[in-house]
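J.: Pasting the sequence and the predicted model now:
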Amino acid sequence: MEKVVVGMSGGVDSSVAAYLLKEQGYEVIGVTMQIWQDEDVCTMEENGGCCGLSAVEDARRVAAVLDIPYYVMNFKQEFKANVMDYFACEYLQARTPNPCIACNRYVKWESLLKRSMGIGASFIATGHYARIIRLPNGRYTIRKSVTQAKDQTYALYNLTQHQLAHTLMPVGEYEKDRIREIAKEQMLPVANKPDSQEICFVPDHDYAGFIKDYLKENEDRIKKNPSFPVKDGVPAGLTPGNFVNTAGEIIGRHKGLIHYTIGQRKGLNLAMGQPMFVLELKPDTNEVIIGSGKEVFSDRLYANHLNFMAIEDLDGEMAVEAKIRYSHKGARAIIKKTAGDEIQCIFEEPQRAITPGQAVVFYKEDIIIGGGTIISKKE
């Protein structure tokens, strides 16, 4: 009997994943990853999601119903270094990060898989709405889930071949409604628990406030970390600067680059007589470039930090469907390499708010070809 460690967040999806794998004959071990930091009990209870104390309580109750072993593993250091540090650093450099993608690659997979294999497990498993397949060329990739509305493949594009070979995702074969029905049929105590939507360590959505507090709390360590940009002794992104239009004219003052992202309209406090949007963030000059709704569209992007799944590498051009954010439906495009770790993506039709720091994921039909991190929308 093969052993599988199921990452249990205390939600219905991972709980049903554990049940399905036990029914398939695996020796199932439930694990909740302790990634919250040194908050007090009240704060942990409020956080909810996969970071909150309630995740442990709910997962433990589910494990008891399923009659499987259950443990809490400490991944606080891995989460802080690979997710929270990254999140703050990206905003300080005027990019909009994907903390869930970083968490998936470096914590939920890299760290959990290593520990799980260390205790004799052959696989780890999650409740993600995605499907892992092996192609005729021998490579593993991820296929979109049966539930298109809940599909989570975008956030998983960065997994390695080794990680995919040792991962199970049973929930991807089911519609969301059926997953809740199974939970009710098995009398799992989380059958009606709502899905978590927010970034788990910023539950109030105040990203700028989080970054400021995080910098204060980690000042000594951050000063030694060269990845945190500092200008004139002050972390970049915090200093007020100018709003500038596309003609180069100063039209107002901004609060600091960490308060803005590409495509943003609300919170600019500019009286322009028409809706204006953030077109670009320029950390070198500390400027926020503002323009019309039409100007926020672009027909191309460049990306690096590439990870290919279905193919070993890209040779020549390829027609794909490209997603530029989690909620993006995807759009037809042509991709080609421009350097060893850089790719150009040209869309058939201009896309709105292409944002540096976000992931771009390339699909062929319903499987992931690969993806990378957007670095620019212009040549």
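T.: Received, thanks.
J.: residue boundaries of the strands in the stretch 1-150 of the chain?
T.: Shown for the stretch 1-150 of the chain, the strands assigned by DSSP state E, counting those that start in this stretch span residues 3-7, 27-34, 70-74, 123-125, 130-134, 140-144.
J.: Reformat those strands into CSV and put mean pLDDT and mean neighbour count next to each item.
T.: C-betas here are computed from N, CA, C, even on glycine. Output for those, formatted as CSV (pLDDT from 0 to 100; neighbours: other Cβ atoms under 10 Å):
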stretch, mean pLDDT, mean neighbour count
strand 3-7, 97, 25
strand 27-34, 95, 22
strand 70-74, 93, 15
strand 123-125, 97, 22
strand 130-134, 98, 17
strand 140-144, 97, 22
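J.: Could you dump those strands into JSON lines with distance to residue 81 added?
T.: Shown next, in JSON lines, are the strands of the stretch 1-150 of the chain (distance: least, Cβ to Cβ, whole Å):
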{"stretch": "strand 3-7", "distance to residue 81": "19"}
{"stretch": "strand 27-34", "distance to residue 81": "14"}
{"stretch": "strand 70-74", "distance to residue 81": "14"}
{"stretch": "strand 123-125", "distance to residue 81": "20"}
{"stretch": "strand 130-134", "distance to residue 81": "26"}
{"stretch": "strand 140-144", "distance to residue 81": "25"}
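J.: Can you tell me which of these is nearest to residue 330?
T.: strand 140-144 (10.1 Å; Cβ to Cβ).
J.: Do you know the pLDDT at the closest residue to residue 199 other than its chain neighbours?
T.: Nearest non-adjacent residue to residue 199, counting by Cβ to Cβ, 6 or more residues apart in numbering: residue 99, 5.8 Å away. Note on residue 99: pLDDT of 91.
J.: can you check residue 220 too?
T.: You'll see residue 220 listed with a pLDDT of 72.
J.: how near is it to residue 84?
T.: 16 Å (Cβ to Cβ, to the nearest Å).
J.: any low-confidence regions in the chain?
T.: 37-53, 197-198, 222-234, 377-379 (pLDDT under 70).
J.: all helices of it, in order?
T.: For the chain, helices defined by DSSP state H occupy the ranges 12-23, 41-47, 53-66, 76-79, 85-92, 99-103, 112-118, 161-165, 176-185, 207-217, 219-223.
J.: how about a markdown table for those helices, with mean neighbour count and distance to residue 32 added?
T.: Compiled in a markdown table, these are given as follows (neighbours: other Cβ atoms under 10 Å; distance: least, Cβ to Cβ, whole Å):
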| stretch | mean neighbour count | distance to residue 32 |
| --- | --- | --- |
| helix 12-23 | 24 | 9 |
| helix 41-47 | 14 | 12 |
| helix 53-66 | 20 | 5 |
| helix 76-79 | 18 | 13 |
| helix 85-92 | 23 | 21 |
| helix 99-103 | 22 | 14 |
| helix 112-118 | 16 | 11 |
| helix 161-165 | 16 | 20 |
| helix 176-185 | 16 | 17 |
| helix 207-217 | 16 | 23 |
| helix 219-223 | 12 | 27 |
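J.: Among those helices, which comes closest to residue 331?
T.: Closest to residue 331 of the helices of the chain, according to Cβ to Cβ: helix 99-103, at 19.7 Å.
J.: From the contact counts, what lies against that closest one?
T.: Counting by 3 or more Cβ pairs under 8 Å, 6 or more residues apart in numbering; DSSP states H and E, the packing neighbours recorded for helix 99-103 are helix 85-92.
J.: residues making contact with the helix it packs on?
T.: With Cβ atoms under 8 Å, 6 or more residues apart in numbering as the test, helix 85-92 has contacts from 96-97, 99, 102, 201, 207-208, 210-211, 214-215, 225, 227-229, 235-238, 257-258, 357.
J.: Residue 13: what's it in contact with?
T.: Neighbour list for residue 13: 127-129, 171, 179, 195 [criterion: Cβ under 8 Å, 6+ apart].
J.: Show me how to select, in ChimeraX, the buried members of those.
T.: The ChimeraX command for the buried members of those (criterion: 16 or more other Cβ atoms under 10 Å) is given here:
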select :127,128,129,171,179
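J.: Next, format the helices of the chain as TSV and append distance to residue 376.
T.: Shown next, in TSV, are the helices of the chain (distance: least, Cβ to Cβ, whole Å):
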stretch	distance to residue 376
helix 12-23	35
helix 41-47	35
helix 53-66	38
helix 76-79	29
helix 85-92	15
helix 99-103	19
helix 112-118	33
helix 161-165	28
helix 176-185	36
helix 207-217	22
helix 219-223	26
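J.: re earlier: compute the distance between the residue nearest to residue 199 and residue 57, please.
T.: Taking Cβ to Cβ, one finds residue 99 at 24 Å from residue 57.
J.: do residue 70 as well
T.: Using Cβ to Cβ, we find residue 70 at a distance of 11 Å from residue 57.
J.: now do residue 340
T.: The spacing between residue 340 and residue 57, counted by Cβ to Cβ, is 48 Å.
J.: now swap in residue 351 and tell me
T.: If you go by Cβ to Cβ, the gap between residue 351 and residue 57 works out to 42 Å.
J.: Now flag whichever of the contacts of residue 13 is closest to residue 253.
T.: Closest approach between these and residue 253, by Cβ to Cβ: residue 195, at 39.0 Å.
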